[in-house]
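need a 3D model of the following:
(2 chains)
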Amino acid sequence: MSLVVETYPTAAEAARALASGEALYLAGGTLVMRAVNAGEAPRRIVRTTDRSLREIALAGETVRIGAGVTIAEVVASRELAFLHVPAQQVGGPQLRAMGTVGGNLFAPHPYGDLAVALLALGARVTMAGQGGTRPLSDLLRDRARAGLVAQIDCPRPRDRRAFGFLKVSRVHPRGASVIAIAAYLPREGGRIRGARVAYGGMGPAPLQAAAVERALEGQALDHATIARAVEVATQGIDPPTCPIASAWYRREVAGVHLRRLLQSMERS
Amino acid sequence: MVMKPVALTLNGSFRAAFTAPGQNLLDLLRRGLGDLTPKYGCGQGGCGACTVLVDGEPHLACLVLAEAVDGRNVETVAGMSGATPHPLQEAFMAHFAAQCGYCTPGFLMAAKALLARNPRPTREDVVEAISGNLCRCTGYEPIIEAILSVAHGSARA
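Residues are numbered from 1 along each chain as shown, chains lettered A, B, ... in the order given. Now for the predicted structure:
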């Protein structure tokens, strides 16, 4: 099978090429080159040399991250300090130097730890060649043929202690997630306002734990609230079985790890 | 099949070659440019045996599109030693950090990248730096000791 690699100078042109037929977009290569090496990639590979995808820019309380920014660049960025904990836990140094933020949004289960954090923070995405932004949660619900993400707009947490992230893996220091949990719990007058909790490894893509968010919303983050949140940790969630962990195991331990994360945020 | 020209700096020398569509950097280095030091392990990014430096950063050569390194600086173990082995290579020998040796080039490049960025790493930093590399012989301990010995100046002791 002979492959065609199409390289475009701008992201908009690459997006048009991507939409014109069966093709995969190549960014850092950690997902797509795997498929190429295994002979599982479609015949057309699309890429771009557009430098604008490599930029990190502050815009008020939001930071705009180019989809082509690597995970290692996130770790090295002062503006993105709030993402250092999840970013540092992605892969090993090689994968972080290659893999991109945009690619992480499309990583299949059980990968995509950074996307879990971005989902909890309420990030929005801009598609290349299109105006306006859409919630990351929309994109994650249907990633197939979604198009080309150009930028990710992520609100910066006003209080860093309002954001927590926990990744659980069986291989240390760098294994794939049994479960990853990100929680953004901003507080006003001691009450949680705008609770967002996201899971990785608990579905085909990162997803929000709506029942947990409801249990936390409007409450003080204390022992009783945490207990109520843990009770509904897997409500409405149907975790997959994969070589990392079974669905049963994920369901059993989700509440334990959610409790640990929320308790650590309660103490901070 | 349309071949594309690629020109890169490989271990300080200017090199040019043609790449096939979808060819990875590991294949280009080994078959196109005759540098057999990076190894093919899994082809999936799981083992780190193909680790090379691209512009100083550790990359998995099997997952890098060869044509994407046009104009970039690639380093492999072939460029590590001059008249004498590199201190890291000396330390790997002194600490028995290689047994079958297949993973060794990947570990050496990961270690080189670490020491370039952080000349005085802690043990934790070393473990982190080699977390993308698998070794099925040594149990990692001799590798960690070898890298630490270079960082802390006891390599030749």
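
check which helix or strand the spatially closest residue to residue A:98 that is not a sequence neighbour maps to.
Leaving aside its sequence neighbours, residue A:98 sits nearest to residue A:28 (C-beta to C-beta, 6 or more residues apart in numbering or on different chains; 4.3 Å). C-beta: built from backbone N, CA, C; applies to glycine. Residue A:28 belongs to no helix or strand when assigned by DSSP states H and E.

check what pLDDT residue 1 gets.
In the absence of a named chain, chain A is used. Looking at residue A:1, its pLDDT is 56.

if you could check chain B rather than the one you did, that'd help
For residue B:1, the predicted pLDDT is 76.

that one and chain A: what is the separation?
5 Å (C-beta to the nearest C-beta, to the nearest Å).

quick one: pLDDT of whatever residue of the stretch 101-250 of chain A ends up closest to chain B?
Closest contact between the stretch 101-250 of chain A and chain B, by C-beta to the nearest C-beta, is at residue A:174 (4.3 Å). If you check residue A:174, the pLDDT there is 76.

element containing the residue nearest to the spatial centre of chain B, please.
Taking C-alpha atoms, centre = their mean, the centroid of chain B lies closest to residue B:109, which sits 3.1 Å from it. Per DSSP H and E: residue B:109 is located in helix B:104-117.

pull the residues that contact that helix.
With contacts defined as C-beta atoms under 8 Å, 6 or more residues apart in numbering or on different chains, helix B:104-117 is touched by A:93-94, B:37-39, B:41, B:47-53, B:56-58, B:75-77, B:80, B:86, B:88-89, B:92, B:97-98, B:121, B:125-126, B:129-130, B:132-133, B:135, B:143, B:146-147, B:150-151.

flag every buried residue along that helix.
B:104-115 (16 or more other C-beta atoms under 10 Å in any protein chain shown).

what is the rounded mean pLDDT of the helix or strand sitting right after that helix along the chain?
Downstream of helix B:104-117, the next assigned helix or strand under DSSP H and E is helix B:123-129. Averaged across helix B:123-129, the pLDDT comes to 96.

turn the buried residues of helix B:104-117 into JSON lines, columns for pLDDT.
Converted to JSON lines, those look like this (pLDDT from 0 to 100):
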{"residue": "B:104", "pLDDT": "98"}
{"residue": "B:105", "pLDDT": "98"}
{"residue": "B:106", "pLDDT": "98"}
{"residue": "B:107", "pLDDT": "98"}
{"residue": "B:108", "pLDDT": "98"}
{"residue": "B:109", "pLDDT": "98"}
{"residue": "B:110", "pLDDT": "98"}
{"residue": "B:111", "pLDDT": "98"}
{"residue": "B:112", "pLDDT": "98"}
{"residue": "B:113", "pLDDT": "98"}
{"residue": "B:114", "pLDDT": "97"}
{"residue": "B:115", "pLDDT": "97"}
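
just the strands in chain A please.
For chain A, strands defined by DSSP state E occupy the ranges A:4-8, A:24-25, A:44-48, A:56-59, A:62-66, A:124-127, A:134-135, A:149-155, A:163-169, A:177-184, A:187-188, A:191-192, A:196-200, A:207-208.

same list, the ones you listed, but as JSON lines with distance to residue B:25 please.
Output for the strands of chain A, formatted as JSON lines (distance: least, C-beta to C-beta, whole Å):
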{"stretch": "strand A:4-8", "distance to residue B:25": "14"}
{"stretch": "strand A:24-25", "distance to residue B:25": "18"}
{"stretch": "strand A:44-48", "distance to residue B:25": "15"}
{"stretch": "strand A:56-59", "distance to residue B:25": "26"}
{"stretch": "strand A:62-66", "distance to residue B:25": "23"}
{"stretch": "strand A:124-127", "distance to residue B:25": "30"}
{"stretch": "strand A:134-135", "distance to residue B:25": "35"}
{"stretch": "strand A:149-155", "distance to residue B:25": "25"}
{"stretch": "strand A:163-169", "distance to residue B:25": "28"}
{"stretch": "strand A:177-184", "distance to residue B:25": "28"}
{"stretch": "strand A:187-188", "distance to residue B:25": "48"}
{"stretch": "strand A:191-192", "distance to residue B:25": "48"}
{"stretch": "strand A:196-200", "distance to residue B:25": "29"}
{"stretch": "strand A:207-208", "distance to residue B:25": "35"}
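
now render the ones you listed as TSV, adding mean pLDDT, mean neighbour count and distance to residue A:243.
Formatted as TSV, these follow (pLDDT from 0 to 100; neighbours: other C-beta atoms under 10 Å in any protein chain shown; distance: least, C-beta to C-beta, whole Å):
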stretch	mean pLDDT	mean neighbour count	distance to residue A:243
strand A:4-8	97	17	31
strand A:24-25	96	20	24
strand A:44-48	97	23	27
strand A:56-59	96	12	35
strand A:62-66	98	21	31
strand A:124-127	98	20	30
strand A:134-135	96	14	31
strand A:149-155	98	23	28
strand A:163-169	97	22	13
strand A:177-184	97	26	11
strand A:187-188	96	12	39
strand A:191-192	98	18	36
strand A:196-200	98	27	16
strand A:207-208	98	20	20
